[in-house]
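# Just to be clear, the model below is a prediction. Sequence and coordinates:
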Amino acid sequence: MLIDMERAKTGIPGFDKLVEGGIPRGFNVLITGFPGTGKTIFGLQYLYNGAKQGESGVYVSLDAPADQLKVQAKQFGWDFDALEKQKKVSFVKVPEGSIKVNIFSMIEDAVEETGAKRLVFDNLSIFHVNLDQFVVPLSYKTDLNPSITVDPAKMKDKKYRYEVMPALGQDPKGRTFYTGASESRIIYLVINALADLRTTNLIITDAGKDDQLTADGVSEYVCDGYVTLSRGEIGTEESRSIQVKKLRNTKIITVSHNFDFNDNGIVIER
Ligand SMILES: Nc1ncnc2c1ncn2[C@@H]1O[C@H](COP(=O)(O)OP(=O)(O)OP(=O)(O)O)[C@@H](O)[C@H]1O
Ligand SMILES: [Mg+2]
């Protein structure tokens, strides 16, 4: 029986028909692959198509600055500058050199300011490597901690909320932060925090030694969906392929499909 769920169409030619027409709203879909397999372009195309359909989006970039992503997008005719001015797209970038950044508050604000329905997190592996830069909320549902005193006058100051408070172990909403050391638990908490946004999320991460699993070995189990991008050679020809390995509540087509880049972005072959 098909399950009737509202789905976000990626608009990436050939992709939606692999997943019953789109990604169920509110889901976290992991996009994995070796370097240079097209993960970022896939994410940009997803946001661009959403914005064109009237759905705003947030791009969280932990490596490339927004300007670089915009140049990358331009080659396919996607004008993210214009979308940003129209508040249809927002880029979240961690302030350089900062530590104990509450990136989740930054993301929440960006989602709220743009009314975003889509989000791309690029990427989980970099987050993991730079973990000491961030605080990770244990839960968005913890009871307010009575020992935390919030200075209401300072709450409008984003630096105070994003950097000063988290460095003190505090959060505007009274959330507590994870201080344990389990790497798997951190991945799990990050994915949960992104799910709590209620946007439909693409979470990009690096592939492991063989490109069938992720480097962290956990996120593919925690996320609702799992898509791999690969690259190979057939003779002297380069070939690229995409495979939907998992998508909850969805009858997926799991065979690997070749894809290519044309002037308008990624196109998945039939
Ligand atoms: N117009 C194009 N035609 C053909 N190939 C392209 C085109 N644009 C980009 N590429 C290929 O896509 C790759 C970059 O894609 P992208 O940045 O999305 O990869 P990525 O998986 O995000 O990489 P990383 O892991 O380094 O972040 C380039 O290495 C290039 O080979
Ligand atoms: Mg990338």
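Sure thing, it's come through. Not measured: the values here are computed from a predicted model. Numbering: from 1, shown residues only. Ligands and ions are numbered 1, 2, ... in the order given.

# Skipping adjacent residues, who's closest to the residue of the stretch 101-250 of the chain found nearest ligand 2 in space?
Relative to ligand 2, the nearest point of the stretch 101-250 of the chain is residue 122 (5.9 Å; Cβ to the ion). The way it works is simple: take the backbone N, C-alpha and C, and place the C-beta from them, glycine included. Nearest non-adjacent residue to residue 122, counting by Cβ to Cβ, 6 or more residues apart in numbering: residue 204, 4.6 Å away.

# Settle this for me: residue 113 is touching residue 91, isn't it.
No: checked against Cβ atoms under 8 Å, the pair residue 113 and residue 91 is beyond contact range at 11.9 Å.

# Share the number of residues neighbouring the closest residue to residue 7 other than its chain neighbours, please.
Spatial nearest neighbour of residue 7, chain neighbours left out: residue 22 (3.1 Å); criterion: Cβ to Cβ, 6+ apart. If you count neighbours by other Cβ atoms under 10 Å, residue 22 ends up with 19.

# try residue 133
18.

# and if you look at the one 4 residues further on?
Residues lying near residue 137 (other Cβ under 10 Å) number 23.

# Quick one: residues contacting residue 179.
Going by Cβ atoms under 8 Å, 6 or more residues apart in numbering, residue 179 touches no other residue.

# and what of residue 43?
Shown in contact with residue 43 (Cβ under 8 Å, 6+ apart): 31, 59, 120, 122, 202, 204.

# related to what we said a few turns ago, so the residue of the stretch 101-250 of the chain closest to ligand 2 sits against residue 61, correct?
Yes: if you go by Cβ under 8 Å, residue 122 and residue 61 touch, sitting 5.2 Å apart.

# Compare the two and say which is more crowded by neighbours.
residue 122 (24 against 21).
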